[in-house]
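Asker: need coordinates for the below:
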Amino acid sequence: MLTAREIRMRIIVDNTAPEGLCGEHGLSVWIEAVGERILFDTGKGDAFMANCSALGIDLSATTLLVLSHGHYDHTGSVAEALAFAPDAKVIHHPGAITDRWSLRAGVAKPTMMPAASKAALAALPPERVIRTGEATMIADGIGVTGSVPRLSTFEDPGGPFFLDTEGRVPDPIEDDMSLWIETSDGLVVVTGCCHSGIVNTLDHIIAFTGERRIATLLGGFHLSTATADRVDRTIDALASYDIGRIIPCHCTGQEAVEQFRQWLPLQVIPCHAGLVV
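Answerer: Numbering: from 1, shown residues only. Presented below is the predicted three-dimensional model:
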């Protein structure tokens with residue numbers, strides 16, 4: 001079994017980026033672990049391919065493409081990624097291709113996977129696709145959560161998300177899933193937006209694996225619009241886990257990140273495109 005330090009992750013897309021890289025509202029992570037080259041999400045749009053080029057990431061080496069959920073800011077460059085990775089297997093929840101919207105001030109904004117990305121997935125041969133709604137091992141020591149049980153009393157999907165343009169049918173975003181890697185130092189956990197709630201997600205992974213140590217927790221936690229009470233309760237919960245370090249990205253929100261840094265008794269590393277972990 002690998003140690004956590006033998007796993008290498010690089011942020012391809014994040015909301016923030018240093019000079020020479022593109023930032024956008026999206027997330028994509030390149031993961032090298034256990035002989036696999038994993039592309040976790042593909043960002044929103046142009047930043048993905050530009051940053052892959054700038055960072056020297058060889059997409060043709062991709063063995064697994066994992067889609068955390070079916071929102072546009074995580075699936076925008078699926079077609080481009082697959083064009084460079086003709087042998088990669090794709091892992092996603094069956095609900096990831098669902099049409100969906102966010103509704104603000106009575107205006108419906110499409111939040112679903114872009115049509116080109118859906119078409120690229122539909123064109124794949126069955127043997128290259130793993131659709132799962134359950135916790136599933138996708139490689140040696142690497143798993144995805146599938147749908148996460150919503151058990152905490154203070155976590156919700158994190159926004160006005162609906163399955164219709166009139167706002168009558170709430171979207172629970174059941175396709176939200178995260179990835180974990182088992183190491184001798186504990187788990188490395190990678191989340192997309194964590195619409196399931198980070199506490200629900202960690203509890204689900206811990207229950208499935210039996211491992212309570214979290215060496216690294218990286219990804220979006222969707223706290224950018226959360227109430228102060230939810231952020232406080234999230235911090236209290238995270239402090240109760242055995243976590244080595246947290247790298248909050250994308251939709252976590254700057255205010256929540258600052259609260260993490262102030263109150264959590266562990267290392268908190270702000271995320272940005274190009275960050276090597």
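Asker: how much space separates Glu134 from Ile91?
Answerer: The gap separating Glu134 from Ile91 is 12 Å, by CB to CB, to the nearest Å. (Glycine included, C-beta is placed from N, CA and C.)
Asker: also Asp176?
Answerer: If you go by CB to CB, the gap between Asp176 and Ile91 works out to 14 Å.
Asker: neighbour count winner among the two?
Answerer: Asp176 (31 against 25; other CB atoms under 10 Å).
Asker: so where's the stretch 51-200 of the chain shaky on pLDDT?
Answerer: Residue ranges of the stretch 51-200 of the chain with pLDDT under 70: none are present.
Asker: the strands in it, which residues?
Answerer: 64-66, 89-92, 101-104, 107-110, 129-131, 136-139, 142-144, 161-162, 179-183, 186-191 (DSSP state E, counting those that start in this stretch).
Asker: distance to Val268 added to those, as TSV?
Answerer: Formatted as TSV, the entries for the strands of the stretch 51-200 of the chain read as follows, by distance: least, CB to CB, whole Å:
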stretch	distance to Val268
strand 64-66	24
strand 89-92	29
strand 101-104	28
strand 107-110	31
strand 129-131	33
strand 136-139	28
strand 142-144	25
strand 161-162	27
strand 179-183	20
strand 186-191	15
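Asker: of the ones you listed, which is nearest Glu19?
Answerer: Shortest separation from Glu19 across the strands of the stretch 51-200 of the chain is recorded for strand 186-191, at 25.9 Å, computed as CB to CB.
Asker: residues making contact with that closest one?
Answerer: Where contact means CB atoms under 8 Å, 6 or more residues apart in numbering, the residues beyond strand 186-191 that reach it are 4, 7, 9, 29, 31, 33, 40, 68, 178-181, 198, 201-202, 205, 209, 211-221, 242, 244.
Asker: which residue ranges of the stretch 1-150 of the chain form helices?
Answerer: Listed in chain order, the helices of the stretch 1-150 of the chain (DSSP state H, counting those that start in this stretch) span residues 46-55, 72-75, 78-84, 115-122.
Asker: winner for burial among those helices?
Answerer: When neighbours are counted by mean count of other CB atoms under 10 Å, the highest per-stretch mean among the helices of the stretch 1-150 of the chain falls to helix 72-75, a mean of 26.
Asker: how far out from the middle of the chain is that one?
Answerer: 10 Å (CA atoms, centre = their mean, to the nearest Å).
Asker: and if you look at stretch 164-174?
Answerer: Using CA atoms, centre = their mean, the distance from the centre of stretch 164-174 to the centre of the chain it belongs to is 21 Å.
Asker: what residues of that stretch count as buried?
Answerer: Judged by neighbour count using 16 or more other CB atoms under 10 Å, the buried positions of stretch 164-174 are Gly167, Asp171, Pro172, Ile173, Glu174.
Asker: can you redo the helices of the stretch 1-150 of the chain as CSV with distance to Val190?
Answerer: Output for those, formatted as CSV (distance: least, CB to CB, whole Å):
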stretch, distance to Val190
helix 46-55, 17
helix 72-75, 12
helix 78-84, 17
helix 115-122, 20
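Asker: next one: the most centrally placed residue in the chain from Glu258, what distance?
Answerer: The centre of the chain sits closest to Gly192, judged by CA atoms, centre = their mean, with a distance of 1.4 Å. With distances taken as CB to CB, Gly192 is found 22 Å from Glu258.
Asker: just Leu65 next, same as before
Answerer: The value you get for Leu65 to Glu258, if CB to CB is used, is 33 Å.
Asker: looking at these two, which one has more neighbours?
Answerer: Legend: neighbour count by other CB under 10 Å for Leu65 and Glu258, higher for Leu65 (25 against 12).
Asker: quickly list what that one is bridged to.
Answerer: Leu39, Val90 (DSSP bridges).
Asker: surely it touches Asp87?
Answerer: No. Applying CB atoms under 8 Å, one finds Leu65 not in contact with Asp87, separated by 10.8 Å.
Asker: so what's the closest residue to Asp164 other than its chain neighbours up against?
Answerer: In space, and not counting its chain neighbours, Asp164 is closest to Trp101: 7.2 Å by CB to CB, 6 or more residues apart in numbering. Taking CB under 8 Å, 6+ apart as the contact definition, Trp101 lies against Ala108, Lys109, Pro110, Thr111, Met112, Phe161, Phe162, Leu163, Asp164, Thr165, Asp171.
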